[in-house]
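Student: need the 3D shape of this:
(chains A and B)
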Protein chains: 2
Amino acid sequence: MPVSEFSLIERYFAAHRFQRLDVALGIGDDCALLLPPADQQLAITVDTLVAGVHFFADADPESVGHKALAVNLSDLAAMGATPAWATLALTLPQADEPWLAAFCRGLFALADRYGVQLIGGDVTHGPTIVITLQVHGFVPPGLALRRDGAKPGDGLYVTGTPGDAGLALAATFGKASVAEGHAGSIRARLERPEPRIAEGLALRGIASAAIDISDGLAQDLGHILERSRVGARLEVERLPLSPALAASLDRKAAVMTALTGGDDYELCFAVPPERTLQLESSAAGWECRCTRIGVVTAEPGLRLVRADGSALHLEQRGYDHFG
Amino acid sequence: MPVSEFSLIERYFAAHRFQRLDVALGIGDDCALLLPPADQQLAITVDTLVAGVHFFADADPESVGHKALAVNLSDLAAMGATPAWATLALTLPQADEPWLAAFCRGLFALADRYGVQLIGGDVTHGPTIVITLQVHGFVPPGLALRRDGAKPGDGLYVTGTPGDAGLALAATFGKASVAEGHAGSIRARLERPEPRIAEGLALRGIASAAIDISDGLAQDLGHILERSRVGARLEVERLPLSPALAASLDRKAAVMTALTGGDDYELCFAVPPERTLQLESSAAGWECRCTRIGVVTAEPGLRLVRADGSALHLEQRGYDHFG
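Tutor: Residues are numbered from 1 along each chain as shown, chains lettered A, B, ... in the order given. Have a look, this model is predicted:
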């Protein structure tokens, strides 16, 4: 007997019974019904992963489930929002139950860690796996980390070690090789990115602007600069390179990968000088590194400078789906 | 020069400047920021259309844009919610600007009519067009039209004329022919469904349960019965057949199409006897028909009866993506 769409949905999605108090009605009706907190703004973001574009069709489905949610939570993190609810639109070539079971394990393990409830979705048939997750979170009015608040003189920072996912991708395509002993950690950075939720929340009231690095540090920082109508000087020697990246590539290639490799899901943010101490005090307790990489300038454009003051030029700033 | 993802998004989606007062931040940051009304519940639904499955790859893109939003608004209608915001996740094989322009015309024309603002989205590259729309609306606590409130003795009703979209689909596949003079109206019912938003709002406080008919009247009514733990007797002679459907098919085929043809986006709902007058008074002002088609019973299951009391059996209740 063919497995019907409805029993599939019921079995894999509705069966996961985590229940938030602000969900009046979850999966199973025409709409979900939610009770957003009266004193906060609602933050909403949506991201799609396509098989063969954003992940390999034969990728570990548990990792795919993790990543589909992680990339969305990363957008909430970049806004300083507390995660709350998610919906899932899933297009599948066939009702592949082992795939679905593993996908759900990855998705729900991450959802549970951040108190996120799946409140609805749509399962459709199509030639390729396409996963669209939408997540909803809350942020107090005035405290959201927007892209348009950076001012000249603000310090520029990045969490973690950008470039690791870019190295993993390059290695997958045979364009780079990962140094011995680092394959596992580099692969995890690509397949199981950790959304910087705690760091985003900590940056409320500290950062003047923030973005998550999904399309490459240089390109995403460019969005902050454009929106804030400012420029930046980025000191490339300050870029925090992971031991894996530093061991795998020569210095120049490592720096380029940190600047233009996508899929990192770290946060890049600006902090006014008067809040530097507050940031340092907060970041001392973070699980990930927090590194000052440059400064916001009145002069527009992104200037990359070496320690000796000479300029570095990028051939490519980041990833463009239709470029 | 290739058109970049960002200028595409900017040109076609962010350029449409309708601005709701409850949108603090729309397209262009990591998240949108919204101000949901403090005294209402938030209703959320998501639906996906896949080229080659839900529409033909060469279908008129303006109609596709209309329908992608309409099927989602229909879910809000079935919940009795006022539409507010939408997000769009769009996967495209290439940056086809004429297609995008026409798609946006259809989408925004409908969005503007219902005061819906597009607040965010994601444009990705993939082998097939996949469109996921998510819409958000508001409904006062206790007034949402859920599926689980039908009680024995409630009257069963349907808006409009179910089966028209099913006939259009059958005609497209050469399995039926549409009677002369009706091709345009039947095609419009499939390609440009009108969400029953006004009717859904009017049913607040009147209907005990409601659903929209996207997978066929019999199947979707089945969801109300299952959720409400009741049954129903549906009098097939009462089914409101459109002149086009009645002229195109013999009586039996027309009834079967009205019962099992999907894609209608009409509302099916239950009304307690003491609110029948209230419903009739309200429905007198509706733009579409409102027809009593049966009654909710304590005995579970859906029984289809002819005027002479004899039973009618369905071979198939509706559409199942993986059936």
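
Student: now A:Leu259: closest residue in space, sequence neighbours ignored.
Tutor: Leaving out its chain neighbours, the residue that sits closest to A:Leu259 by Cβ to Cβ, 6 or more residues apart in numbering or on different chains is A:Ala218, at 4.6 Å. (Each C-beta comes from the backbone N, C-alpha and C, glycine too.)

Student: tell me the confidence at that neighbour?
Tutor: At A:Ala218, the predicted lDDT confidence score is 95.

Student: you'd agree it is up against A:Arg303?
Tutor: No: the criterion here is Cβ atoms under 8 Å, and A:Ala218 misses it with A:Arg303 at 11.1 Å.

Student: what sits in contact with each of those two?
Tutor: When contacts are counted by Cβ atoms under 8 Å, 6 or more residues apart in numbering or on different chains, A:Ala218 and A:Arg303 are jointly contacted by A:Leu234.

Student: compare these two (neighbour count), which wins?
Tutor: A:Ala218 (23 against 15; other Cβ atoms under 10 Å in any protein chain shown).

Student: hmm, back to that, could you point out which element follows the host helix or strand of the residue nearest to A:Leu259?
Tutor: Counting by DSSP states H and E, the secondary-structure element that holds A:Ala218 is helix A:217-228. Heading C-terminal from helix A:217-228, the first helix or strand you meet, by DSSP H and E, is strand A:231-235.

Student: circling back to that earlier point, check the gap between the residue nearest to A:Leu259 and A:Tyr265 for me.
Tutor: As defined by Cβ to Cβ, to the nearest Å, A:Ala218 lies at a distance of 16 Å from A:Tyr265.

Student: before we move on, back to that, could you tell me the angle between the helix holding A:Ala218 and strand A:231-235?
Tutor: Angular relation of helix A:217-228 and strand A:231-235 on a 0 to 180 degree scale: 150 degrees, by axes from the mean of the first three to the mean of the last three Cα atoms, to 10 degrees.

Student: ok, residues contacting helix A:217-228?
Tutor: If you take Cβ under 8 Å, 6+ apart as the criterion, helix A:217-228 is touched by A:146-151, A:156, A:158, A:162, A:209-214, A:231-232, A:234, A:258-260, A:264, A:266, A:268, A:270, A:296, A:300-302, A:304, A:314, A:317-319, B:28-29.

Student: likewise for stretch A:14-22?
Tutor: Taking Cβ under 8 Å, 6+ apart as the criterion, the residues outside stretch A:14-22 that touch it are A:26-28, A:34-37, A:84-85, A:104, A:108, A:111-112, A:115, A:117-118.

Student: 6 Å - rerun?
Tutor: Among residues not part of stretch A:14-22, those counted as contacts by Cβ atoms under 6 Å, 6 or more residues apart in numbering or on different chains are A:27, A:35, A:108, A:117.

Student: out of these, flag the one nearest to B:Leu73.
Tutor: Taking Cβ to Cβ as the measure, A:Ile27 is the one of those closest to B:Leu73, at 19.9 Å.

Student: give me the neighbour count for the nearest residue to that closest one once chain neighbours are set aside.
Tutor: Among residues not flanking A:Ile27 along the chain, A:Ala14 sits closest, at 4.4 Å (Cβ to Cβ, 6+ apart). Residues within reach of A:Ala14, counting by other Cβ under 10 Å, total 15.

Student: likewise the one 5 residues further on?
Tutor: Neighbourhood size, A:Gln19 [other Cβ under 10 Å]: 8.

Student: cool, A:Ala198 as well?
Tutor: The number of residues packed around A:Ala198, counting by other Cβ under 10 Å, is 15.

Student: residue ranges with poor pLDDT in the stretch 1-150 of chain A?
Tutor: Flagging of the stretch 1-150 of chain A using pLDDT under 70 yields the residue ranges A:1-6.

Student: now A:Leu25: how far from chain B?
Tutor: Computed as Cβ to the nearest Cβ, to the nearest Å, the A:Leu25 to chain B distance reads 7 Å.

Student: can you tell me the closest non-neighbouring residue to that residue?
Tutor: Of all residues beyond its chain neighbours, the one nearest A:Leu25 is A:Leu33 (4.0 Å), with distances taken as Cβ to Cβ, 6+ apart.

Student: so that neighbour touches A:Gly26, yeah?
Tutor: No: contact status for A:Leu33 versus A:Gly26: not in contact, 8.6 Å apart, counting by Cβ atoms under 6 Å.

Student: domain assignment for chain A?
Tutor: Here chain A is described, according to automatic domain parsing, as comprising the domains A:5-139, A:155-312.

Student: among the ones you listed, which is nearest B:Pro240?
Tutor: domain A:5-139 (21.4 Å).

Student: distance between that closest one and the chain's centre?
Tutor: Averaging C-alpha positions (Cα atoms, centre = their mean, to the nearest Å) puts domain A:5-139 15 Å from its chain's average.

Student: stretch A:271-291 now?
Tutor: From the chain centre to the centre of stretch A:271-291 is a distance of 20 Å (Cα atoms, centre = their mean).

Student: identify the residues contacting it?
Tutor: Stretch A:271-291 is contacted by residues A:153-155, A:157-160, A:199, A:202, A:206-208, A:240 when judged by Cβ under 6 Å, 6+ apart.

Student: what about the nearest residue to A:Asp39 once chain neighbours are set aside, how many neighbours?
Tutor: In space, and not counting its chain neighbours, A:Asp39 is closest to A:Pro140: 7.0 Å by Cβ to Cβ, 6+ apart. Other residues lying near A:Pro140 total 15 when counted by other Cβ under 10 Å.

Student: same question, A:Asp39
Tutor: A:Asp39 is flanked by 9 other residues according to other Cβ under 10 Å.

Student: ok, the residue nearest to A:Asp39 touching A:Gln41?
Tutor: No: taking Cβ under 6 Å as the contact criterion, A:Pro140 and A:Gln41 are not neighbours in contact, 7.3 Å apart.

Student: all strands of chain A, in order?
Tutor: Remark: strands of chain A, listed N- to C-terminal, are A:23-25, A:32-34, A:41-50, A:82-92, A:117-125, A:130-139, A:155-159, A:209-213, A:231-235, A:266-271, A:290-297, A:301-305, A:311-312; assignment by DSSP state E.
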